[in-house]
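# have a look at this fold, sequence not included:
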């Protein structure tokens, strides 16, 4: 269990790291974040903070993923979003600024 105030701090740290790292190749591929689960529903003491990260797969990332043993990376279509997120009552989309 995490106190809500601490959970908010953690989410803010994630957003700050993404914003400050937008010039870095891997972070520049992130297109959307969805916060879901008990935190998004407003729990005072959520068990954790659930974050679904949506990203583009460029050629460089595609090559890197293909080299991983046993991984069959198939990009999801928008209607195949994270199953847990679909079940959550209130997914919260977080708009990210474009690359700087």
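Yep, it's here. This one's a predicted model, so the numbers in the text were calculated from it and none came from an experiment.
# hey, let's count contacts and neighbours off CA atoms from now on
Fine.
# how about the closest residue to residue 28 other than its chain neighbours, phi and psi?
Leaving aside its chain neighbours, residue 28 sits nearest to residue 22 (4.8 Å; criterion: C-alpha to C-alpha, 6 or more residues apart in numbering). Main-chain torsions, residue 22, degrees, to the nearest 10: phi -60, psi -30.
# which stretches of this structure form helices?
4-20, 25-28, 59-67, 83-87 (DSSP state H).
# quick one, what contacts the most centrally placed residue in the chain?
The centroid of the chain falls nearest to residue 53 when counting by C-alpha atoms, centre = their mean (2.1 Å). Contacts for residue 53 (C-alpha atoms under 8 Å, 6 or more residues apart in numbering) come out as 30-34.
# those: which two are farthest apart?
Farthest apart among the contacts of residue 53 by C-alpha to C-alpha are 30 and 34. That separation is 11.5 Å.
# what's the spacing between residue 17 and residue 27?
Going from residue 17 to residue 27 by C-alpha to C-alpha, to the nearest Å gives 9 Å.
# with neighbour numbers in mind, choose between the two.
residue 27 (16 against 12; other C-alpha atoms under 10 Å).
# surely that one meets residue 16?
No: under the criterion of C-alpha atoms under 8 Å, residue 27 is not in contact with residue 16, lying 11.8 Å apart.
# need the outlier residue of this protein, farthest from its centre.
The chain, farthest from centre, C-alpha atoms, centre = their mean: residue 69 at 23.7 Å.
# confidence score at it?
If you check residue 69, the pLDDT there is 79.
# do residue 60 as well
The model's pLDDT for residue 60 equals 92.
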